[in-house]
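# structure of the sequence below:
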Amino acid sequence: MNDPSSDPATGVNDPIAEGLRAVRSRIEAAARDAGRDPASVGLVAVSKFHPAASVEAALRAGQRVFGENRVQEAAEKFPALRARYPDLKLHLIGGLQTNKARDAVRLADMIESLDRPALADALARAADREGRLPELLIEVNTGDEPQKFGVPREKADAFIRTCRERFGDRVRGLMCIPPEGTNPAPHFRFLGSLADAHGLPTRSMGMSADFPEAIAEGATLVRVGTAIFGGRPAMLARP
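As a prediction, the model looks like this:
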């Protein structure tokens, strides 16, 4: 049997395939420890700042869902990859500017960072023009950090209701990024309870450093980059 972590052309172990295998193993273990079915947790491989060749290595290893922060970078990398891998799914996970809404609607399968009325307006206009609307997650700023994207906690309920009235079942769930240097579990727990209160099935929470804790609190999507792709290539990292 072929080793899925080796390049079939050379037989040399592929570090991206090995990273994926290790992350998937940890996801399965965390899910089982939480009494959950591992299949209930999806993996978003965060490929921001990494070249298309790295994404293709992950695709060869069986990964199909990827996360990008910037619309322009996604537009440069993913159309050609999608032509070769039509079952590829692209999530936009970074803060989204309203002037990028149409490109985002055109490119993405899911936008994980809906967080303000102006962006909802821009996405609605873009969807009308493009004739499609990606699935949407509402980003909640669970730590109420002024430097971060996300709807504040006290405004989250009203914003979720408004978006569901406007976009219907295209609003699939919630996303959060807990404050650095704090215990993430209460933030994950808050997001899960908020999703439950609104009957939303998707909870995108947990990254390379804390996704086992997120799975224990009910994450259905975890966003992992460094543990799969390694550190950001210096030549591609942007301020």
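
# how much space between Val65 and Pro184?
22 Å (CB to CB, to the nearest Å). Where you see a C-beta, it was placed from the backbone N, CA and C, and this is true even at glycine.

# at which residues are the helices of this protein located?
15-33, 52-60, 71-84, 101-107, 117-130, 153-167, 185-197, 211-216, 226-229 (DSSP state H).

# which residues of this protein score low on pLDDT?
Scanning the chain for pLDDT under 70 picks out the ranges 1-12, 233-239.

# which one is Glu56 nearest to, not counting chain neighbours?
Closest residue to Glu56 apart from its sequence neighbours, by CB to CB, 6 or more residues apart in numbering: Leu81 at 6.4 Å.

# does that neighbour touch Val55 like I think?
Yes: the pair Leu81 / Val55 is scored as a contact, 6.0 Å apart, by CB atoms under 8 Å.

# give me the longest strand you can find in the protein.
strand 135-141 (DSSP state E).

# can you pull the contacts of Gly192?
Arg203, Met205, Glu217, Gly218 (CB atoms under 8 Å, 6 or more residues apart in numbering).

# how far away is the residue lying closest to it once chain neighbours are set aside from Phe188?
The shortest distance from Gly192 to any non-neighbouring residue, by CB to CB, 6+ apart, is to Gly218 (4.2 Å). Relative to Phe188, Gly218 is positioned 7 Å away (CB to CB).

# shared neighbours, the two?
Joint contacts of Gly218 and Phe188 (CB under 8 Å, 6+ apart) are Arg203.

# what number of residues lie near Val151?
21 (other CB atoms under 10 Å).

# so who does it touch?
Asp115, Arg116, Ile138, Glu139, Val140, Asn141, Phe159.

# which one of these is nearest to Val23?
Glu139 (22.7 Å; CB to CB).

# residue contacts, that closest one?
Glu112, Ser113, Leu114, Asp115, Phe149, Gly150, Val151, Leu174, Met175, Cys176, Ile177.

# that one and Ala31, how far apart?
24 Å.

# could you do Glu154 as well?
32 Å.

# more neighbours: which of these two?
Comparing Glu154 with Ala31 by neighbour count (other CB under 10 Å), the higher total belongs to Ala31, at 19 against 8.

# so Asp103 sits against Arg70, correct?
No: between Asp103 and Arg70 there is no contact under CB under 8 Å: 10.3 Å.

# what count of nearby residues applies to the residue nearest to Arg102 when sequence neighbours are not counted?
In this structure, Arg102 finds its nearest non-sequential neighbour in Ala126, 4.1 Å apart by CB to CB, 6+ apart. When neighbours are defined as other CB under 10 Å, Ala126 has 20 of them.

# Ala126: what's it in contact with?
Taking CB under 8 Å, 6+ apart, we find Ala126 in contact with Ala101, Arg102, Ala104, Val105, Arg106.

# I appreciate the help and will end here.
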